[in-house]
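Visitor: I would like to see how this sequence folds:
(one chain, ligands or ions: 1)
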Amino acid sequence: MKKKSDGSRPSATEASKAVAETLAHGSPVEKRVLFKDALALATFGITATDAKKQGICVSCRSIVDLATLSEEDRAEYGISALCSGCFEEIFA
Ligand SMILES: [Zn+2]
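Guide: Just a heads-up that it's a prediction; the model follows:
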C-alpha cells in the first residue's frame, strides 16, 4: 500500500491556484506575504508562514522561543521567520 501524504501541505496545483487568486484579488499585505513566502521557499525550502506555524527559523530550522526574544527580535521573526543568529548572518 502506498504511504499517504500527511495532507498538511497543499499540492502544487492548489498552491499555485492560491497564488493566482492572491495576485488577482489580494491586498498589498497578502501579496507581500506571498512574495516573502515564495522567496523563503526558493531560498530555504520552507515558507516563512510554515516556519512561523512550526515555531522554527526558516533558515537553520532551530526552534525559536518567542518568549526568550527581545521585542526587536520578535518583530523581526514575525517578518522574516529568521532567528536572530541567521538574520544577522544574512543581513549584516
Ligand atoms: Zn536560524
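Visitor: can you give me the helices for the protein?
Guide: Assigned by DSSP state H, the helices in the chain fall at 12-25, 28-44, 48-54, 71-80, 84-91.
Visitor: for these, which one sits closest to the ion?
Guide: Taking CB to the ion, helix 84-91 is the member of the helices of the chain nearest to the ion, at 3.2 Å. Every C-beta, even on glycine, is put in place using the N, C-alpha and C of the backbone.
Visitor: neighbouring contacts of that closest one?
Guide: Contacts to helix 84-91, defined as CB atoms under 8 Å, 6 or more residues apart in numbering, come from residues 57-60, 69, 73, 76-77, 80, 82.
Visitor: repeat that for 6 Å
Guide: Residues outside helix 84-91 that contact it (CB atoms under 6 Å, 6 or more residues apart in numbering) are 57, 59-60, 73, 76.
Visitor: how about the contacts made by residue 82?
Guide: 57-59.
Visitor: neighbour-wise, give me the winner out of those.
Guide: Counting neighbours by other CB atoms under 10 Å, residue 58 comes out on top of the contacts of residue 82 with 28 neighbours.
Visitor: isn't that one right next to residue 44, touching?
Guide: Yes: when contacts are counted by CB atoms under 6 Å, residue 58 is listed as touching residue 44 (5.0 Å).
Visitor: of the helices of the chain, flag the one that's most buried.
Guide: Highest mean neighbour count among those (mean count of other CB atoms under 10 Å): helix 48-54, with a mean of 17.
Visitor: counting by contacts, list what it packs against.
Guide: The helices and strands touching helix 48-54, judged by 3 or more CB pairs under 6 Å, 6 or more residues apart in numbering; DSSP states H and E, are helix 28-44.
Visitor: that older thread, check the contacts of helix 84-91 against the ion, which are close?
Guide: When contact is defined as CB under 5 Å from the ion, these meet the ion at 57, 59-60.
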